[in-house]
Structure formats: structure tokens, C-alpha cells
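Undergrad: Below are the sequence and a predicted model; questions follow.
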Amino acid sequence: MGDEIDRGAAGWHWCPVCRLASSRGGDCPGCGRAYVQVPHAGVPGTPYRPRLAHGSGFLTGAVSAVVAVAVVAAAAVGVTLLYTRGDTITASGQLVSPDSAPQSQKGNSSFAVDAFNGATLTLPGSWKANGTWGEDVAGDLSQIASPVSIDLSVNQGKAFLGIVNAEVGDPTQTGSEFLSVYSAAEATGTGATVSWSPVRDLVIGTYSTQAQDFTESQSGQVLVKGTFYAVSDTQSGELIIIETDASANQASILPALETALTAIP
């Protein structure tokens, strides 16, 4: 720059801080200070390097604010995904398996049931196939009817549901016989006792149904609760047996299972 300016020429001004020269007076656009007269030695030829504008602090703050909002938004999304899809953690910090997590935190499971003409049974929460349970229920029914077909066998943690069916001469009579055989048993081979509630009537899938609740206890402590449902499809001559069964700490799901069963169209 010094080579381009007549050093010491009258009328030239410069800023010693920014080393910016001008043919007119005024304030330096770099630092805002007033220009001074160019010295006799002239203006040094150092390249001009403007300082950050006075508004850079605001710009930096704005960028920081945007980053902060993005972080908060990402955290919110992460928390939402964790709540809806992640594992459950109790207040004491214990990890709860997906099968035993509260139902409000999981979706539903839908199954087509052949015994109800392929109608859909929608259960609360995440349920998975468990063939052993269906075989147990089928074994119960096979004591008074044969052959027996397994329609559904699922579990969620220590809660189970099984649906089996068999062709019989009189589904209503055979269903009553089935319930009376089981309600007569008051003890298990493990030393636990079983208590039975009175038979109650309801409708499942448009069919008349007899239901009987039971509770298995030992030394005054409830171990298992559940319900047997004897569904009479008199038109097809078919008896459908449904059993729901849950350990004591999951027994609260049983009413929801009955609601799902009675909702079968």
C-alpha cells in the first residue's frame, strides 16, 4: 500500500491500529477510531486485516442458541423413543424385561383365532408364542374330549393365554363337565391349594360362555391367579376352552385379557 501512496502527501490519513489509509479524514471502518495524518515516512505496507465486527458477539450467541435448541430437541426425541421403545427401569433402578413392563408403555398384539372363524383377538402389550402352554391346556381338555386342536398359545412374562377346541356332542354340557372336574380339585402336587370362584356367564365371540376364576396359594401367599372359559359353539358342536393364567405380580392383567376376549366379534 505504501508504494501506491505518495508518502507524506498532503490530505492522506491513516489508522495506525488497522493500518488502513484514506484520502479523506473520518473514522476507521475497522476499529472506529478517528484517522490521523499520514506521517512523513509514509504508511507501512502491511496488509489490512479487519477486526471482527462489533456484532460478532451477537452472532456467536445466536449460533450457540441454535445449537442449544438442537441439543434440547435431540434429547427430547431420545427421551420419547426411550419411553416408547426402550426397556423399563423401576424407581429403584432395576431393569424390567419387556415382557413384564407396564402395559401402558407397550403396544398391542393381534392374533387370528381359527376357533372363532379367524376373528382377531387383540391382547394388551407384547405377547409371543409359547407352544408348551397350549399343549398343557389341550391336555386338560383331552381328558373329556378328543381330538383337541390348539388355536393359540402365547405368553407375556409370567402371564399365559391358551385357546384349544374339540368337537363334542353337546358343547354346553361338556363345558360344564370340564369346569366341574377342575373346580373339584383343591390341591396341587406341589402342596399348594386352589380355590375356585362361582361360575359366571358371559359372551365371547357371540357364543355363550361359562367362566370360573381360580387362585393358587401356598402358606397364605398367592402364587397364581387365572380363569377357565368354556365357550359353547352349539351350531358347530364345538367346545372352546380358554385359560388365562398369571403369576401374582402380573395378575392385574387378567381383567384386560377378559375384556379382549369379550371383544372378539
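TA: Looks like it arrived, so ask away.
Undergrad: okay, now Thr120: neighbour count?
TA: Around Thr120 there are 12 other residues, counting by other CB atoms under 10 Å. All C-beta atoms are positioned from the backbone trio N, CA, C, and that covers glycine.
Undergrad: these two touch, right, it and Ala112?
TA: Yes: between Thr120 and Ala112 there is a contact at 5.8 Å, judged by CB atoms under 8 Å.
Undergrad: buried set for stretch 243-258?
TA: Neighbour counts using 16 or more other CB atoms under 10 Å place 243-247, 250-251, 253-254, 257-258 of stretch 243-258 among the buried residues.
Undergrad: List the ones among those residues that fall in strands.
TA: 243-247 (DSSP state E).
Undergrad: Helices of the protein, start to end?
TA: Assigned by DSSP state H, the helices in the chain fall at 56-85, 131-141, 171-183, 254-262.
Undergrad: ok, back up a step: next, give me the two most distant ones among the buried residues of stretch 243-258.
TA: Ser247 and Glu258 (17.3 Å; CB to CB).
Undergrad: wait, what's in contact with Ala112?
TA: Contacts for Ala112 (CB atoms under 8 Å, 6 or more residues apart in numbering) come out as 118-121.
Undergrad: Gln212 and Asp201 touch, don't they?
TA: No: here Gln212 lies out of contact with Asp201, judged by CB under 8 Å, at a distance of 10.7 Å.
Undergrad: Those two: who's more crowded?
TA: Using other CB under 10 Å as the criterion, Gln212 and Asp201 rank with Gln212 on top: 19 against 8.
Undergrad: Could you tell me how many residues sit around the closest residue to Leu239 other than its chain neighbours?
TA: Setting aside the residues directly before and after it, Leu239 is nearest to Pro171 in space (CB to CB, 6 or more residues apart in numbering), at 4.2 Å. Per other CB under 10 Å, the neighbour tally for Pro171 reads 25.
Undergrad: And Thr132, by the same measure?
TA: 10.
Undergrad: Do you know the pLDDT at it?
TA: We have a pLDDT of 85 for Thr132.
Undergrad: Same question for Thr188.
TA: Confidence at Thr188, expressed as pLDDT, is 71.
Undergrad: Any idea how many residues pack against the nearest residue to Leu152 once chain neighbours are set aside?
TA: Excluding the flanking residues, the one nearest Leu152 by CB to CB, 6+ apart is Ile163, at 4.2 Å. Counted with other CB under 10 Å, residues neighbouring Ile163 total 28.
Undergrad: Tell me, how many residues neighbour the closest residue in space to Phe111 that isn't next to it in sequence?
TA: Nearest residue to Phe111, sequence neighbours excluded (CB to CB, 6+ apart): Leu121, at 5.0 Å. As a burial measure, Leu121 scores 24 neighbours (other CB under 10 Å).
Undergrad: what do you get for Ile144?
TA: Neighbour count of Ile144, defined by other CB under 10 Å: 16.
Undergrad: hang on, the earlier thing: could you dump the ones in strands among the buried residues of stretch 243-258 into a markdown table and include pLDDT and distance to Phe228?
TA: A markdown table is the format used below for those (pLDDT from 0 to 100; distance: CB to CB, whole Å):
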| residue | pLDDT | distance to Phe228 |
| --- | --- | --- |
| Glu243 | 96 | 5 |
| Thr244 | 97 | 8 |
| Asp245 | 94 | 9 |
| Ala246 | 97 | 14 |
| Ser247 | 96 | 17 |
